[in-house]
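Peer 1: No letters, just coordinates:
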């Protein structure tokens, strides 16, 4: 093709047809420019396609991560809700608002804390931020992900603050804690050692147990724990779980579009 155009140029020069040569030269330049523009367009299209593929892979990975987190949150919320329902009965019994059989009271009082630790996946999201891939996502999705990350950090800060407050509490709370046998029961499947026995000094009669529950000091401690636990339940249900579900739905919608 290049040889063909070169021969045309030579013939025009040899025939001294300058005007035609000039038009030809301009036409050749235009063809070169068009070729360059087409090449750039193809290159841009390829780059956009690669970017879109990377974006789609990232969104699929995020969706899978959030689906796992949603299942974790649902299971955690279910257990926390049941635990809080029992603790609610103990607090109301302490206030004299309800009556409970002593066996139920002892069981409910032993579950002051929900023993499961909430742990969610953040690998894909964290890596997308550190690798600069986060900017590929739509503004609406970035906003949702940022909000979810903020909610997660805030919830962790609140939980840590409460745990530190309890751990630094006075000996009176620790005595109440042990007298209520409030030691989370570890399922046998997780045994690495045999369960520890309760010290005889903390084993009290039914009457002593009821009186301990109904004391104002115990009521105060139980109320603090209950408020913290129910706050966490609200935070999970209407915060983390809601945002996680909305994020999955948003990703599905954008993948369809």
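Peer 2: Sure thing, it's come through. Keep in mind the model is a prediction, meaning the values are calculated, not measured.
Peer 1: Tell me the helix or strand right after the least confident helix or strand in the chain by mean pLDDT.
Peer 2: Ranked by mean pLDDT, DSSP states H and E, the helix or strand of the chain with the weakest confidence is helix 2-14, at a mean of 53. Using DSSP states H and E, the helix or strand that directly follows helix 2-14 along the chain is helix 18-94.
Peer 1: Tell me how many other residues crowd residue 210.
Peer 2: For residue 210, the count of nearby residues is 17 (other C-beta atoms under 10 Å). (C-beta placed from N, C-alpha, C; glycine too.)
Peer 1: begin at 19 from here
Peer 2: From this message on, residue numbering opens at 19, which makes the last subject residue 228.
Peer 1: wait, it sits on residue 117?
Peer 2: No: if you go by C-beta atoms under 8 Å, residue 228 and residue 117 don't touch, sitting 10.6 Å apart.
Peer 1: tell me, what's touching these two both at once?
Peer 2: Shared contacts of residue 228 and residue 117, defined by C-beta atoms under 8 Å, 6 or more residues apart in numbering, are absent.
Peer 1: Report the contact partners of residue 255.
Peer 2: residue 95.
Peer 1: do residue 228 as well
Peer 2: Counting by C-beta under 8 Å, 6+ apart, residue 228 has contacts 120, 123.
Peer 1: Helix or strand: which one has it?
Peer 2: helix 224-232.
Peer 1: where do the helices sit along the stretch 69-218 of the chain?
Peer 2: Here the stretch 69-218 of the chain has its helices, by DSSP state H, counting those that start in this stretch, at 120-127, 141-148, 157-185, 189-197.
Peer 1: Can you give me the buried ones in the first one?
Peer 2: For helix 120-127, burial by neighbour count (16 or more other C-beta atoms under 10 Å) applies to 123-124, 126-127.
Peer 1: Mean confidence (pLDDT) on that helix, please.
Peer 2: Averaging pLDDT along helix 120-127 gives 92.
Peer 1: Now do it and helix 36-112, the angle between them.
Peer 2: 150 degrees (axes from the mean of the first three to the mean of the last three C-alpha atoms, to 10 degrees).
Peer 1: Check the offset of helix 120-127 from the chain's centre.
Peer 2: Offset of helix 120-127 from its chain centre (C-alpha atoms, centre = their mean, to the nearest Å): 35 Å.
Peer 1: between that helix and helix 224-232, how many degrees?
Peer 2: Using the same axes, to 10 degrees: helix 120-127 against helix 224-232 is 40 degrees.
Peer 1: what does the last one give?
Peer 2: What separates the directions of helix 189-197 and helix 224-232 is an angle of 130 degrees, with the same axes, to 10 degrees.
Peer 1: What number of residues are in the vicinity of the nearest residue to residue 153 once chain neighbours are set aside?
Peer 2: In space, and not counting its chain neighbours, residue 153 is closest to residue 160: 7.8 Å by C-beta to C-beta, 6 or more residues apart in numbering. Using other C-beta under 10 Å, residue 160 has 14 neighbouring residues.
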